[in-house]
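[1] predicted model, plus sequence, below.
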Amino acid sequence: MGITGLHHITIVAANAQRAIDFYTQVLGLRLVKLTVNFDAPESYHLYFGDETGRPGTAITFFEWPGAPAGRPGVGGTHHFALRVPTYDALLKWKRRLTDLAIAVDGPFDRHYFTSIYLRDPDGTIVEIATDGPGWTVDEAAGALGQAFREPPADMIAQNRDEARIAALTWPEPVPAITADMALAEGMHHITAIASDIERTNAFLVDTLGLRRVKMTSNFDDPDSAHWYWGVGDGAPGTLITYFERKSDREPRVRMGAGQTHHYAFAVPDEEVQLAFREKLLRAGLRVSPVMDRVYFKSIYTNDPDGHIVELATAGPGFPVDESVAELGTQLMLPPWLEAHRREIARAVKPVNLPLWTPPR
């Protein structure tokens, strides 16, 4: 047994309260843990997700107060995508967001799914993508990812028809997030940027054991490669994708607010995690010792362009130190920092914590 899917993504936020307000009040996620960066406890670490923050639903933030804006680039992440089941749900999201004066691009037909794009308050690109129709629209299930599939020319042309795209929205206001549009299934995929797609493929397939499920081009930049990898048949929630951008066209990532610090794959338990650690060491790659994150155990390595990649265990999960009903309602610290609670509480700025109720 190996990687089971995505675990979480961790992004830099310049202001914790602003991130809390956006991800809970606008996108409807639950704040499932208010804690601090275990490696820098003078700053917050926020976790958002479904009711319990299951692996694959966790979107997390390190607060770097006042951090300058980051910039996507080689060795960094371009965006992450959240899942909705249907096209109607996607249109409802577009209407809700635009009525809140949040700029939305799309919906765009990506052949394998349809999606819209927005930015959070720090500039992170957030995609909301439908679950289907999936990878088998142009390849048999047994042959996924084995041949290059060129984006359909008519689809690219339709996606460039700005007037047509702008008119696609839900006909009525959507003042509340309804159950059919809730983002409770978490992430659809994460998209990073590589300088050599073949080298990245070797890392993801040969070292991490993922399956390449699609070789295509960036629909918005057809001269550059866009490949997808996943677990099994590449179901949403297991997917990592990379744009290939040559270093003479794309600068390196600039870390800062709105940029991803790392992304994490889920492994079922510590035994599998240790097996991966040994495999990474044998491959001559940098890998950290096992780190106790209370809610999971972690090891860290890097993709070929230097992006931090984490392998995190599925458990014990966020209810290990709070009841499900109380998740995200108070500052939680790991046992080794409890003696410093007073100093930590003085170092972080107080935040207003929202009450959470599931969408109906």
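    It's in. Numbers count the residues shown, from 1 in each chain.

[2] pLDDT weak spots in the stretch 201-350 of the chain?
    Along the stretch 201-350 of the chain, segments meeting pLDDT under 70 are nowhere present.

[3] which residues of it fall in strands?
    211-218, 221-230, 239-244, 260-267, 291-292, 297-302, 308-313 (DSSP state E, counting those that start in this stretch).

[4] may I see those organised as TSV, with mean neighbour count and distance to residue 282 added?
    For every residue, glycine as well, the C-beta is placed using N, CA and C. Formatted as TSV, the strands of the stretch 201-350 of the chain follow (neighbours: other C-beta atoms under 10 Å; distance: least, C-beta to C-beta, whole Å):
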stretch	mean neighbour count	distance to residue 282
strand 211-218	20	21
strand 221-230	19	21
strand 239-244	24	22
strand 260-267	24	17
strand 291-292	14	20
strand 297-302	20	12
strand 308-313	22	15
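
[5] may I see the ones you listed organised as CSV, with distance to residue 358 added?
    Formatted as CSV, the strands of the stretch 201-350 of the chain follow (distance: least, C-beta to C-beta, whole Å):
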stretch, distance to residue 358
strand 211-218, 32
strand 221-230, 28
strand 239-244, 25
strand 260-267, 23
strand 291-292, 31
strand 297-302, 29
strand 308-313, 25
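
[6] for residue 350, find the nearest of those.
    strand 260-267 (23.7 Å; C-beta to C-beta).

[7] and the closest one, how far out from the chain's middle?
    Offset of strand 260-267 from its chain centre (C-alpha atoms, centre = their mean, to the nearest Å): 8 Å.

[8] can we start the residue count at 780 from this point?
    OK, 780 is where the count begins now, so the last one is strand 1039-1046.

[9] could you name the helices and strands sitting against that strand?
    strand 784-792, strand 856-863, strand 966-973, strand 1087-1092 (3 or more C-beta pairs under 8 Å, 6 or more residues apart in numbering; DSSP states H and E).

[10] going along the chain, name the strands of the stretch 780-929 of the chain.
    784-792, 809-816, 819-828, 837-842, 856-863, 884-888, 893-898, 904-909.

[11] paired strands for the last one, with orientation please.
    Partners of strand 904-909 in the sheet, by DSSP bridges, are strand 856-863 (parallel), strand 893-898 (antiparallel).

[12] and the angle from the longest one to strand 1039-1046?
    Comparing the axes of strand 856-863 and strand 1039-1046 via axes from the mean of the first three to the mean of the last three C-alpha atoms, to 10 degrees yields an angle of 50 degrees.

[13] give me the contact list for strand 856-863.
    Applying C-beta atoms under 8 Å, 6 or more residues apart in numbering, the contact partners of strand 856-863 are 788, 806, 838, 851, 869, 872, 894, 896, 903-910, 960, 962, 964-972, 1015-1016, 1022, 1032, 1038-1039, 1042, 1086.

[14] related to what we said a few turns ago, now render the helices and strands packed on strand 1039-1046 as CSV, adding distance to residue 936.
    Output for the helices and strands packed on strand 1039-1046, formatted as CSV (distance: least, C-beta to C-beta, whole Å):
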stretch, distance to residue 936
strand 784-792, 32
strand 856-863, 23
strand 966-973, 23
strand 1087-1092, 36
